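# sharing a sequence plus its predicted fold:
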Amino acid sequence: MSITTFLFYFIVFIFVFSSPSLRKRFKGRGLLLVVGIPAVLALVMMVLTIIKVYVIYKLWILVFAGVTVYLSYLEWGRAGRRK
């Protein structure tokens, strides 16, 4: 059951991250964008399915985590490049 959940979300996220606009923006990191990020997100969704979290809460968790990581990168990534 969990492997089918993983595969389902992996395929869905591959379609989302394989859009031409995203691929143009991240030319050098194409394999990471098309395979790596969807795999991590599918793994998170699979774990949340195992602990019986509703779909809408899963999406809110992903959005919240994504915004948090992005804002952390903006804050600490710029500081790290200046040093």
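Here it is on my side, so go on. Numbers count the residues shown, from 1 in each chain.
# A39 contacts F10, correct?
Yes: taking contacts as C-beta atoms under 8 Å, A39 lies within contact range of F10: 6.2 Å. (C-beta placed from N, C-alpha, C; glycine too.)
# do you know how far L74 is from G36?
21 Å (C-beta to C-beta, to the nearest Å).
# same for the lengthiest helix in the chain, what does it pack against?
Scanning the chain for the longest helix, with DSSP state H as the assignment, gives helix 55-72. Applying 3 or more C-beta pairs under 8 Å, 6 or more residues apart in numbering; DSSP states H and E, we find helix 55-72 packed against helix 37-50.
# tell me the mean pLDDT over the helix it packs on?
Per-region confidence: helix 37-50 scores 83 on mean pLDDT.
# likewise for stretch 16-27?
The average pLDDT for stretch 16-27 rounds to 68.
# pretty sure I50 contacts S2?
Yes: under the criterion of C-beta under 8 Å, I50 is in contact with S2, at a separation of 6.1 Å.
# which SS state does V53 fall under?
coil (DSSP: H, G, I helix; E, B strand; the rest coil).
# and the gap between the closest residue in space to it that isn't next to it in sequence and M45?
Spatial nearest neighbour of V53, chain neighbours left out: I61 (7.5 Å); criterion: C-beta to C-beta, 6 or more residues apart in numbering. I61 is 9 Å from M45, where distance means C-beta to C-beta.
# more neighbours: which of these two?
Neighbour totals were compared for I61 and M45, and M45 leads with 23 against 14 (other C-beta atoms under 10 Å).
# residues in contact with the more buried one?
T5, F6, Y9, K58, L62 (C-beta atoms under 8 Å, 6 or more residues apart in numbering).
# may I ask which of these has the most neighbours?
Neighbour max across those (other C-beta under 10 Å) = Y9, 21 neighbours.
# how big is the angle separating the strand or helix carrying that residue from helix 55-72?
Per DSSP states H and E: Y9 is located in helix 2-17. In terms of direction (axes from the mean of the first three to the mean of the last three C-alpha atoms, to 10 degrees), helix 2-17 departs from helix 55-72 by 50 degrees.
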